[in-house]
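**Q** pasting the sequence and the predicted model now:
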Amino acid sequence: MIKVAPSLLSADFSCLEKEIIKVEAAGCDLLHIDVMDGHFVPNITIGPAVVKSIRRVTRLPLDVHLMIENPEDFVDSFIDAGSDMITVHIETLSALRLKALALRLKLDTKDIKLGISLNPATPLSRIIPVLKSVDFVLIMSVNPGFGGQSFIPAVLPKIKKLRKIFKKDIAVDGGINESTAKKVINAGANILAAGSYIFGARNIKLAIERIRNAGNSAD
Ligand code: DX5
Ligand code: ZN
């Protein structure tokens, strides 16, 4: 089953509730929320207060992508705000720290799914030691920081290699459209985050369906 996660970064923030209702009605599976701190990435977006407000207007699972330094310091605020899935970047913490975070979340029994993400230039070997501690992996297919960038095809072998050794969810984020969706699904990904392709579409329902079914289409 392919899941589609619209990235709110490409939504109109002046009417976020409307935008969320639109993608929810169009049949998306999750909401992808990009959190940036201006340090790990050269952009600043939203914090826990906004996630809390989003939580009030939708029942969709909130998939919060933390592109921030010292993610452990903020995980609790994002969980309290109503996140269901939290992703941290391997470039921001050691394997040891990630394992400690995973253990802490498990002990808290709040049923939060923890994901690990890696940038296009970061080799798969960096996340191998933590694969047992996470519920999913988020493969970045653009350099994080901005929506609307072009998909980097060099990440496809990474997805294929990971799929061979990792049975849980593999998400891909960055430059996803109908044609790149097909490539990443065929490589083994099953959660697709997409911002500009979905929010920029005339027919959002169709855009979501095109991503979801991209793996079934002939070349
Ligand atoms: C990039 C973000 C992505 C981004 C995707 O730093 O993590 O989630 O919003 O946007 P598109 O689909 O437009 O590349
Ligand atoms: Zn993201």
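**A** All right, it came through fine. Ligands and ions are numbered 1, 2, ... in the order given.
**Q** can you pull the poorly scored residue ranges out of this protein?
**A** Across the chain, the ranges flagged by pLDDT under 70 are 219.
**Q** residues from it in reach of ligand 2?
**A** D34, H65, D173 (CB under 5 Å from the ion). C-beta coordinates here come from the backbone N, C-alpha and C atoms, glycine included.
**Q** pick the one among these closest to G145.
**A** Here the nearest of the residues of the chain next to ligand 2 to G145, counting by CB to CB, is D34; it sits at 9.2 Å.
**Q** for the nearest residue to the closest one once chain neighbours are set aside, give me its contacts.
**A** In space, D34 comes closest to L9 once its chain neighbours are excluded; the distance is 4.6 Å by CB to CB, 6 or more residues apart in numbering. Shown in contact with L9 (CB atoms under 8 Å, 6 or more residues apart in numbering): D34, T45, F146, G147, G195.
**Q** at 6 Å instead, please
**A** D34, G147, G195 (CB atoms under 6 Å, 6 or more residues apart in numbering).
**Q** which ones among the residues you listed also lie next to ligand 1?
**A** D34, G147, G195 (CB under 6 Å from any ligand atom).
**Q** what about the last one, distance to P48?
**A** Computed with CB to CB, to the nearest Å, the distance linking G195 and P48 is 21 Å.
**Q** likewise R126?
**A** Between R126 and P48 the distance is 27 Å, computed by CB to CB.
**Q** which one of these two has more residues nearby?
**A** For R126 versus P48, neighbours defined as other CB atoms under 10 Å are more numerous around P48 (18 against 14).
**Q** what's the spacing between that one and V35?
**A** Counting by CB to CB, the gap from P48 to V35 is 9 Å.
**Q** what do you get for E209?
**A** Counting by CB to CB - E209 and V35 are separated by 28 Å.
**Q** looking at these two, which is more packed in?
**A** Legend: neighbour count by other CB under 10 Å for E209 and V35, higher for V35 (25 against 15).
**Q** sec struct for the more buried one, please.
**A** strand (DSSP: H, G, I helix; E, B strand; the rest coil).
**Q** I figured it hits L62, correct?
**A** No. Using CB atoms under 6 Å, V35 is not in contact with L62; the gap is 11.0 Å.
**Q** kindly export stretch 33-48 (C-alpha atoms) in CSV.
**A** Output of stretch 33-48 as CSV, limited to C-alpha atoms (Å, rounded to 0.1, in the frame of the first residue of the first chain):
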residue,chain,number,x,y,z
ILE,A,33,5.0,19.0,8.2
ASP,A,34,8.5,20.4,7.6
VAL,A,35,10.1,22.0,10.6
MET,A,36,13.3,24.0,9.9
ASP,A,37,15.5,25.9,12.3
GLY,A,38,17.7,28.1,10.1
HIS,A,39,20.8,26.2,11.3
PHE,A,40,20.6,22.6,10.0
VAL,A,41,19.0,24.0,6.8
PRO,A,42,19.0,27.6,5.5
ASN,A,43,15.3,28.3,6.1
ILE,A,44,12.9,28.7,9.0
THR,A,45,9.4,27.3,9.0
ILE,A,46,7.1,26.3,11.8
GLY,A,47,7.2,25.2,15.4
PRO,A,48,5.0,23.2,17.9
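**Q** all good on my end, thank you.
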